[in-house]
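Novice: Turn this into a model:
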Amino acid sequence: MSRGYAVMVLPPELPELAALNRIVELGAAHLQCRVVCNVAVPGGSYPVHAITLGKSDPAVPAVGYFGGVHGLERIGAEVVIAYLHSLVMRLQWDSTLHRQLETVRLVFMPIVNPGGMHLGTRANPRGVDLMRNAPVTALDPVPFMVGGQRVSARLPWYRGAANGAMEAESQALCEVVQSELLNRPFSLALDCHSGFGVSDRLWFPFAHTRAPIAHLAEMHALKSIFSQSNSYHRYTVEPQSAQYLAHGDLWDHLYQLACRDADRIFLPLTLEMGSWLWVKKNPRQLFFRHGIFNPLIEHRQQRVLRQHQMLLDFLSRAASDHDRWLPKADARVQQHAMALQDWY
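Specialist: Next up, the predicted model:
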């Protein structure tokens, strides 16, 4: 009589996760890597990595780079991974980069939602949209469904159960931001997404209200030096509320936590890459689920990866020398007034 054995089928390795593992191996002498949590999928689990390099002293500024919060938007993870790969390669010969890393801390979470990436879904494997999952409720009406819903996890933009704990992936992102960014006098964050319009946008809080943030002058000053340094950039910089309001935004939640300490400045940004432009150039992408949110043609994907490296590198430099451009006294009042005129 034969005995049957249960065979465990492990989930296939994600290409982005494999690329990240190779980069960590290449940069082992300079990088610190830890698994913040593991995400269960049928047949096994995927790790959520946090990778750091640069000065660990909490007195120095920091920048966090995040991607893959929505599993379907793989290009966001790929942009962050490409920048990390560039840094690791440069560390082999670039003494200027070594000196810069003595004045700044860089934090990477390229694949926040590996389960959703594996399944090809915006949400995590439990059906929760991580960008609607924070304990923040919009103060004004939000767009139907898109702004977050609690009807069913089978429908998009599900927030999770009322009064329930945040999802493991959301908690992992928040833990890394709180431990690596919010404990410093100055920090920036960039969360890379795709799927909004035909142009690239840089959003900053708030998403739950149309009221301006407390650090509006600092955000406007950051936009100003970016435009001055990159005259031909094509980003539209604006509060997310200029487009729509939403419940449960993680960056609204983390920004509000940061504001509890008046001596610290935290400026989070969300990059929304205009994926409709890729569809316009290649309408056949509409017939593929990933094609609506990612460039499917190789040369176009490479172009997207190249064009955003300038932004990610700018943020590391801006954080390193934040004392040189942050507005103070009368200059802050002036920046605030210009920001109100530009954005509100």
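Novice: roughly how far apart are residue 31 and residue 339?
Specialist: Per CB to CB, to the nearest Å, residue 31 is found 36 Å from residue 339. In short, each C-beta sits where N, CA and C put it, glycine included.
Novice: nope, residue 87 is what I meant
Specialist: 31 Å.
Novice: and what of residue 244?
Specialist: With CB to CB as the criterion, residue 244 and residue 339 are 20 Å apart.
Novice: Counting neighbours, go ahead and name the busier of those two.
Specialist: residue 339 (22 against 13; other CB atoms under 10 Å).
Novice: Contact partners for the nearest residue to the more buried one once chain neighbours are set aside?
Specialist: Nearest in space to residue 339, with sequence neighbours left out and distances taken as CB to CB, 6 or more residues apart in numbering, is residue 220 at 3.7 Å. Residue 220 sits next to 335-336, 338-339, 342-343 when contact means CB atoms under 8 Å, 6 or more residues apart in numbering.
Novice: Just give me the neighbour total for the residue lying closest to residue 149 once chain neighbours are set aside.
Specialist: Counting by CB to CB, 6+ apart, residue 149 lies nearest to residue 157, which is 5.6 Å off, once chain neighbours are set aside. Neighbour count of residue 157, defined by other CB under 10 Å: 23.
Novice: Now do the same contact list for residue 271.
Specialist: 76, 79, 190-193, 200-202, 308, 311.
Novice: Buried ones among those residues?
Specialist: By neighbour count, with 16 or more other CB atoms under 10 Å, the contacts of residue 271 hold 76, 79, 190-193, 200-202, 308, 311 as buried.
Novice: Can I get the residues you listed in TSV including distance to residue 271, pLDDT and secondary structure?
Specialist: Shown next, in TSV, are the buried ones among the contacts of residue 271 (distance: CB to CB, whole Å; pLDDT from 0 to 100; DSSP: H, G, I helix; E, B strand; the rest coil):
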residue	distance to residue 271	pLDDT	secondary structure
76	8	97	helix
79	8	98	helix
190	6	98	strand
191	7	98	strand
192	5	98	strand
193	6	97	strand
200	7	94	coil
201	8	96	strand
202	6	98	strand
308	7	95	helix
311	7	98	helix
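Novice: a markdown table please, covering those residues and showing distance to residue 97.
Specialist: Formatted as a markdown table, the buried ones among the contacts of residue 271 follow (distance: CB to CB, whole Å):
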| residue | distance to residue 97 |
| --- | --- |
| 76 | 24 |
| 79 | 19 |
| 190 | 18 |
| 191 | 23 |
| 192 | 21 |
| 193 | 27 |
| 200 | 26 |
| 201 | 29 |
| 202 | 24 |
| 308 | 18 |
| 311 | 17 |
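Novice: which one among those gets closest to residue 166?
Specialist: residue 191 (15.8 Å; CB to CB).
Novice: residue contacts, the closest one?
Specialist: 66-67, 69, 76, 250-251, 268-271.
Novice: Show me the beta-bridge partners of it.
Specialist: residue 66, residue 270 (DSSP bridges).
Novice: ends of stretch 81-101, how far apart?
Specialist: 18 Å (CA to CA, to the nearest Å).
Novice: Next, the distance between the ends of stretch 175-188.
Specialist: 15 Å.
Novice: what separates that stretch from the chain centre, distance-wise?
Specialist: A distance of 14 Å separates the centroid of the chain from that of stretch 175-188, by CA atoms, centre = their mean, to the nearest Å.
Novice: Secondary structure of residue 46: a strand, I assume?
Specialist: Yes. Counting by DSSP: H, G, I helix; E, B strand; the rest coil, residue 46 falls inside a strand.
Novice: Tell me the buried residues in stretch 304-322?
Specialist: 304-305, 308, 311-312, 314-316, 318-320, 322.
Novice: and it, how far out from the chain's middle?
Specialist: 13 Å.
Novice: Pull the residues that contact the lowest-mean-pLDDT helix or strand in the chain.
Specialist: Taking mean pLDDT, DSSP states H and E as the measure, the helix or strand of the chain with the lowest value is helix 275-281, at a mean of 75. Identification of contacts with helix 275-281 by CB under 8 Å, 6+ apart yields 75, 194-199, 285-286, 291-296, 300, 304.
Novice: distance of residue 212 from residue 337?
Specialist: 12 Å.
Novice: now the strands: where do they sit in the stretch 151-300 of the chain?
Specialist: 186-194, 201-204, 236-239, 265-273 (DSSP state E, counting those that start in this stretch).
Novice: Adding distance to residue 331, write those strands out as a markdown table.
Specialist: Listed next are the strands of the stretch 151-300 of the chain as a markdown table, based on distance: least, CB to CB, whole Å:
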| stretch | distance to residue 331 |
| --- | --- |
| strand 186-194 | 17 |
| strand 201-204 | 20 |
| strand 236-239 | 19 |
| strand 265-273 | 15 |
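Novice: how many other residues sit next to the closest residue to residue 197 other than its chain neighbours?
Specialist: In space, and not counting its chain neighbours, residue 197 is closest to residue 274: 4.9 Å by CB to CB, 6+ apart. Look at residue 274: counted by other CB under 10 Å, it has 19 neighbours.
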